[in-house]
Each structure stands twice: as structure tokens, then as C-alpha cells.
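[1] output the structure for:
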Amino acid sequence: MATTSRFAAFDSPNFRRYFIGQIISSVGSWTQALAVTWLVLDLTDRSDRLGFVMALQFLPMLLLGAPAGVLADRVDNRRLLLATSAVSGVVATIFGVTVATGRADMWVIAVLTALLGIVLAFERPAMQAFVYQLVGPDLLPSAVAANSTINSVSRLVGPALAGALIGLFGVGVCFAVNAASYLVVIVALFGLRASELVTRPLTGRSKGRLREGLTYVRRHADVRRPLLVMAVVGVLALNFPTTFPSMVKFEFARGAGAIGLAMSVSAIGSIAGGVYVAGLQPHPRRTLAAVLGAFAVTCTALAFAPTYWAFVAMSVPLGFASATFQSVDTVVLQRSTEPAMQGRVMALHQMAQFGSTPIGALLMGWVVQATAARVPFAVGGLGALACAGFVMASQPFGAAGRSINSDGVRPVQRLRGRGTRTASGRSSA
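    Sure thing, here's the model as predicted:
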């Protein structure tokens, strides 16, 4: 498989600014995420309640992801990200005040988590489409992989920071840290040079844009296949905010600090996976099937971890395989999607990746409560293995006459139909 410079995206000053802002903001988000997890487990001592809260966080992605993608194709994504960051900061502040004053019960947690989920539903498609504007198509694999390390690095720092803060100052301070982190990302977005952003066509306000996006996916197997794989793996395997805390608390009888350590250590592997993928031009079938197979093996292995420290050590290769799979899946999808469809297609991808979480979180929370905390890891491994077989057994991308080149990349085509606007406001036929 072809390679490029793993750090080529950082040649762009805009990408560097964006990356720094998102790293800090994401650390704050993971700090708050562990605080919510521990708060729920401390209040209820039930994994199914934790699954319920995780479902509320991502349910809006499932319900609103498609119209959010239409919005991402219609408006300036930088302005949209500024708005979502400001609202998220306000909600985090309210969350922190509520916890600090002792008024946080399950209903309050549920409502505020759902509000953050609504913001996330509109933020994620815009973030994915905006990466294209930061670097353009040539540096997209490097940028997507580097962007995936944002979540990995923040997962390394955030949970460990949260565990320490909870032990020293209590849960409430974690929300204050998250609220402050949004100020940094707002400053970074304001600091981007608009003249250096890659122009991306913006759609008009005419009806049928959502239907157009769904039709586009249905007609292109190279776009549809990674979406289906992500949806299945998302439901069965990518439920670590539920399965990791449940395993640590119920199998190994440990507290918030141990949960934070386990999730942080797994991020070491995720960072390595992101760096590895940043230098690849993945083959749309062989590479995707290979990383799915590796993910299946590592996920299943965690189900048999004999001790807490073995579980922590085994989470490193799991993190590597998980990050590699998610980055490869994203690169394959984005490089097969025409620029004017990026917002809508990536919204569907976010629905598959994060919108599947409500189903998976509820399902795996129930599985843990009914069986044992080890079982979801085995289920996830089997699901990933089945997807690897599906990818290899399916028709090669482009085999049915699609306009795909040897790297599995769809050349940019001019869309038929109504005219579109570019990100700079100019119209194009």
C-alpha cells in the first residue's frame, strides 16, 4: 500500500491551529466523560443505568445526524463549529454548578447529557467536513489520521486527569475544566486564515438535499460499504465508555482512578494506531479487512484478561487496532466521496459510528447486568470478525463500472442538477 509523510498535514498552519485547539477541548470532554461515568456508577451501582446515560448522549446523533449533515453542506462549517463550541461550554458550566451544589440526580444528569448530545449531533459532521477544507484531498489521509489522534491523546490525558481531580477535589471540578477548554477551541477557530481554506461547494436551500445524499450512498457501493461496517462494529464493539468502566468496577472491584488509568493506557495504543495510519494510502478492501481482523482478535482477548493489570496491558493493542480501523474506514469513505457530498455522507458516517452507540450502550449495559462484564468484549470481537469476512467476500470497489482509480479514490465530479455555492459564497454550475 502507498505511503505519504505521516505528518504532512501539519505543513498547513491552519491545521496546526485547529489541531491544538481540538486537543485541548477534547481533553476537557474526556475529563467530563469520566466524571459523568463515575457519578452514575456512584449514584446507582448499575451498568444498565450507565448504558442508559451513554445512550442519551449519542441518541441525538442517530436522530439528527442526517439533517445535521445537510446543514454542514449548506453553511460555513467554521461558523457552525464556533456556535457548537460556545453552546457546549455553557452546558458544561451548568452541569458543573449543578454537581457542585449537590443537585445532580439521575434526571438532571440525563437531561444535561442529552443536551450535549444534541450539540454533538450538529458538531461532528461539520468537524469531519471541515478537515477537508483545512488540507484538501492530497493531505486528507494524513489529516484524518492526525485528527483521530486528537481523541486518542485526549483519552490518554482526560480520564487520568479526571481520576486525579475527583480524588482531590470531587467530581464538580471536572466540568469546570471542560467548560474552560471550549474557550481554547473558540480562539483557535477565530485564528484560522480564511484565505487558506480549501474551497468546498455549498448546497442551496432547495428541498431534497437529504434524499439526494441517501440516494448517492445507495448508488455507490464504495461509499455504502464502509458505512455499513462502521454501523455494525459501532453497535457491537465500540462501546468502551460503557464496557471499560463496567469491567473495572464489577470484575476487578476498583474505583474511579483505576477506571481512568485503564482508559488512559488504552489511548497509548490508539495514538500509535493514528500515527501508523497517517502514512498509509489504504486499499479500500484489503486494508479495511485486515484492520477489522486485528480489532476482532484484540477485542476478544480482553474478555479473557485474568487480572486488572493484564486487562490494562491488553488494552494497548486494542487501542491500536480500534484507532487503525476507525481511521482507515474514515479515509476510505472520504476519498470515495465527492466534495459537495462530504457533509451529508460524513453525517451518515457519524450516525454509523456514534449514532450506533445508543443501541450498543443499552444492549451492552443489559448484557453486563444479565451475564458478566467480560461478555461484551467477546461479542464485539465476533462482530468485527464477521465484518472482515463481509468486506473480503463483497464485490471489489469499482468493479461494477464505478469511476474508481487504482487507489480506490473517486475522482472529483461535477454534480448534476441545481447550481451550488462554494464556501466563499461564489456560485458554480
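
[2] any weak-confidence spans in this structure?
    Filtered on pLDDT under 70, the chain yields the residue ranges 1-6, 137, 200-210, 278-284, 342-343, 355, 395-429.

[3] where do the strands sit along it?
    Using DSSP state E, the strands found in the chain span residues 2-3, 201-202, 280-281, 420-422, 427-428.

[4] list the buried residues of the longest helix belonging to the chain.
    Ranked by number of residues, the top helix in the chain under DSSP state H is helix 13-44. Neighbour counts over helix 13-44 (16 or more other C-beta atoms under 10 Å) mark 14-15, 17-41 as buried. The C-beta positions use only the backbone N, C-alpha and C, and glycine is treated the same way.

[5] next: stretch 109-123.
    For stretch 109-123, by 16+ other C-beta under 10 Å, it's 109-110, 112-123.

[6] now that stretch: how far from the chain's centre is it?
    Offset of stretch 109-123 from its chain centre (C-alpha atoms, centre = their mean, to the nearest Å): 15 Å.

[7] from what I can see residue 245 touches residue 36, true?
    No: counting by C-beta atoms under 8 Å, residue 245 does not reach residue 36; the two are 10.5 Å apart.

[8] isn't residue 25 up against residue 180?
    No: applying C-beta under 8 Å as the test, residue 25 and residue 180 come out as separate, 9.8 Å apart.

[9] excluding chain neighbours, what is closest to residue 118?
    residue 60 (4.5 Å; C-beta to C-beta, 6 or more residues apart in numbering).

[10] ok, the one you found - contacts?
    114, 117-118, 120-121 (C-beta atoms under 8 Å, 6 or more residues apart in numbering).

[11] quick one: contacts of stretch 161-169?
    Against stretch 161-169 from outside (C-beta under 8 Å, 6+ apart): 27, 30-35, 38, 173-174, 177, 256-261.

[12] do the same with stretch 15-29
    Contacts of stretch 15-29 (C-beta under 8 Å, 6+ apart): 9-10, 85, 92, 130, 134-135, 143, 146-147, 150-151, 153-154, 157-158, 161, 177-182, 184-189, 191-192.

[13] ok, now with 6 Å
    The contact list for stretch 15-29 (C-beta atoms under 6 Å, 6 or more residues apart in numbering) reads 9-10, 134-135, 150-151, 153-154, 157-158, 177-178, 181-182, 184-185, 188, 191-192.

[14] could you do stretch 117-135 as well?
    9, 12, 14-15, 18, 57-58, 60-61, 64-65, 68-69, 72, 77, 80-81, 84, 87-88, 143, 147, 197-198, 200, 342-343, 346-347, 350.

[15] among the residues you listed, which ones are buried?
    So, by 16+ other C-beta under 10 Å, the buried ones in the contacts of stretch 117-135 are 9, 12, 14-15, 18, 57-58, 60-61, 64-65, 68-69, 72, 77, 80-81, 84, 87-88, 143, 147, 197, 200, 342-343, 346-347, 350.

[16] so which of these sit within helices?
    The helices, defined by DSSP H, take in 14-15, 18, 57-58, 60-61, 64-65, 68-69, 72, 77, 80-81, 84, 87-88, 143, 147, 342-343, 346-347, 350 from those.

[17] give me the number of residues near residue 94?
    With neighbours defined by other C-beta atoms under 10 Å, the count for residue 94 comes to 15.

[18] what's the answer for residue 169, then?
    Number of residues near residue 169 (other C-beta under 10 Å) recorded here: 11.

[19] any idea how far it is from residue 161?
    Separation of residue 169 from residue 161 (C-beta to C-beta, to the nearest Å): 11 Å.

[20] what of residue 81?
    Distance from residue 81 to residue 161, by C-beta to C-beta: 24 Å.

[21] what does residue 7 give?
    For residue 7, the distance to residue 161 equals 26 Å [C-beta to C-beta].

[22] in contact with residue 385, which residues?
    residue 296.

[23] 10 Å instead?
    292-293, 295-297, 299-300 (C-beta atoms under 10 Å, 6 or more residues apart in numbering).

[24] next: residue 40.
    Residue 40 makes contact with 46-47, 49-54, 104, 106, 109-110, 113, 245 under the criterion C-beta under 10 Å, 6+ apart.

[25] for residue 315, same thing?
    Residue 315 touches 240, 244, 247, 261-270, 298, 301-302, 305, 322, counting by C-beta under 10 Å, 6+ apart.

[26] at 6 Å what do you get?
    Residue 315 makes contacts with 265-266, as judged by C-beta under 6 Å, 6+ apart.

[27] and it, how far is that from residue 377?
    Going from residue 315 to residue 377 by C-beta to C-beta gives 10 Å.

[28] residues of stretch 369-380 that come out buried?
    For stretch 369-380, burial by neighbour count (16+ other C-beta under 10 Å) applies to 369, 373-374, 376-380.

[29] so which of those comes closest to residue 387?
    Distance to residue 387 across the buried residues of stretch 369-380 (C-beta to C-beta) is lowest for residue 380, with 10.7 Å.

[30] need the contact list for the closest residue in space to the closest one that isn't next to it in sequence.
    Counting by C-beta to C-beta, 6+ apart, residue 380 lies nearest to residue 237, which is 3.0 Å off, once chain neighbours are set aside. Neighbouring residues of residue 237 by C-beta under 6 Å, 6+ apart: 299, 380, 383-384.
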